[in-house]
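quick one, structure for this:
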Amino acid sequence: MPETSVPATELAARARSRWPGESAAYRAARTALLADEIELRRQIERVAERRRALPDGPAASSDYSFEGPEGAVTLAELFDGKETLLVYTWMFGPERERPCPMCTSLLSAWEGEALDIQQRVALAITARSPLEKLRAFAEERGWRHLPLYSDASGDFSRDYNAIDDEGGDIPQLLVFTRRDGTIRLFWAGEMDDLTADPGEDPRGAPDLMPLWTVLDATPEGRGTDWYPSLTYPA
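The predicted structure is shown next:
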């Protein structure tokens, strides 16, 4: 972002939006909030620029094996001709009868974006349950576009912090690159319970879940005692 950017307060003052019946107090508070929103937008872009400028990450083994619709595939094959691979580790390990509702809410949103994402980068959703179990749930959920792969051995999940010390699942977003034949970890989420602010769930930023972005725009917000469910009463 250029260092000569116009101050956010000045940009906010230029905004034309006005709403029927708004008070002077509402307008003043809304314009002040708009300046904060502009600063947030700029901070998001600053962080994205720093992320893109990371030096080479650690080399990854190409020997990891996953079970996909066409049989066994390696990490290298998941790139599917692209230079970048995005992997999400779904909390649906073999000890679970049903998957994590939070992960599932996220993936339900990504189902609608999967074809778009794959125009730019390769995408893989991995979980430690057998592929048949993953695909059965996907069919139940109506997912058609998410590329699902089983990490039955758990080797990949274990190496990339998707299993905790008790053997439970950890959700992870991992971005790999392949340049000159070398697969490297480019970036992965590193926010956890040790980096969470008091009173808040551990989560990354920007938040990957459209659900929370939408609720953040409401007076009710995210709440402190509500989470997505796999099903809801009719």
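
and the protein, what are its domains?
According to automatic domain parsing, the chain comprises the domains 1-14+22-53, 65-188.

just name the most buried of those.
domain 65-188 (a mean of 17; mean count of other C-beta atoms under 10 Å). The way it works is simple: take the backbone N, C-alpha and C, and place the C-beta from them, glycine included.

ok so, going back, worst mean pLDDT among the domains of the chain?
Lowest mean pLDDT within those: domain 1-14+22-53, a mean of 92.

now render the domains of the chain as TSV, adding distance to Ala217.
Compiled in TSV, the domains of the chain are given as follows (distance: least, C-beta to C-beta, whole Å):
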stretch	distance to Ala217
domain 1-14+22-53	11
domain 65-188	16
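
residues contacting Asp197?
By C-beta atoms under 8 Å, 6 or more residues apart in numbering, the contact list for Asp197 is empty.

work out for me the element it sits within.
Assigned by DSSP states H and E, Asp197 belongs to neither a helix nor a strand.

measure it to Tyr149 for me?
34 Å (C-beta to C-beta, to the nearest Å).

now Leu131
Shown here: Leu131 relative to Tyr149, a distance of 7 Å by C-beta to C-beta.

how about Pro94: what's its closest non-neighbour residue?
Counting by C-beta to C-beta, 6 or more residues apart in numbering, Pro94 lies nearest to Ser129, which is 5.2 Å off, once chain neighbours are set aside.

regarding the chain, what is its longest helix?
helix 24-52 (DSSP state H).

let me know the next secondary structure element after that helix.
Counting by DSSP H and E, what follows helix 24-52 is strand 65-68.

what's that next one packed up against?
Packing partners of strand 65-68 (3 or more C-beta pairs under 8 Å, 6 or more residues apart in numbering; DSSP states H and E): strand 71-74, strand 148-150.

partner strands of the first one, with direction?
If I follow you right, that is strand 71-74. Strand pairing for strand 71-74, determined by DSSP bridges: strand 65-68 (antiparallel).

Asp169: what's it in contact with?
Counted by C-beta under 8 Å, 6+ apart, Asp169 has contacts Thr89, Trp90, Met91, Phe92, Gly93, Arg96, Cys100, Ala127, Arg128, Ser157, Ala162, Ile163.

quick check: the most centrally placed residue in the chain vs Gly199, distance?
Centroid-nearest residue in the chain: Leu208, 3.6 Å away (criterion: C-alpha atoms, centre = their mean). As for Leu208, its distance to Gly199 is 21 Å (criterion: C-beta to C-beta).

Ala152 now?
From Ala152 over to Gly199 the distance is 38 Å, taken as C-beta to C-beta.

inside helices: which ones of the contacts of Asp169?
Ser157.

any chance of the contacts of Asp169 in JSON lines with distance to Phe66 as columns?
Formatted as JSON lines, the contacts of Asp169 follow (distance: C-beta to C-beta, whole Å):
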{"residue": "Thr89", "distance to Phe66": "11"}
{"residue": "Trp90", "distance to Phe66": "12"}
{"residue": "Met91", "distance to Phe66": "17"}
{"residue": "Phe92", "distance to Phe66": "14"}
{"residue": "Gly93", "distance to Phe66": "15"}
{"residue": "Arg96", "distance to Phe66": "18"}
{"residue": "Cys100", "distance to Phe66": "19"}
{"residue": "Ala127", "distance to Phe66": "10"}
{"residue": "Arg128", "distance to Phe66": "10"}
{"residue": "Ser157", "distance to Phe66": "10"}
{"residue": "Ala162", "distance to Phe66": "13"}
{"residue": "Ile163", "distance to Phe66": "15"}
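
let's see which of the contacts of Asp169 end up in strands.
Thr89, Ala127 (DSSP state E).
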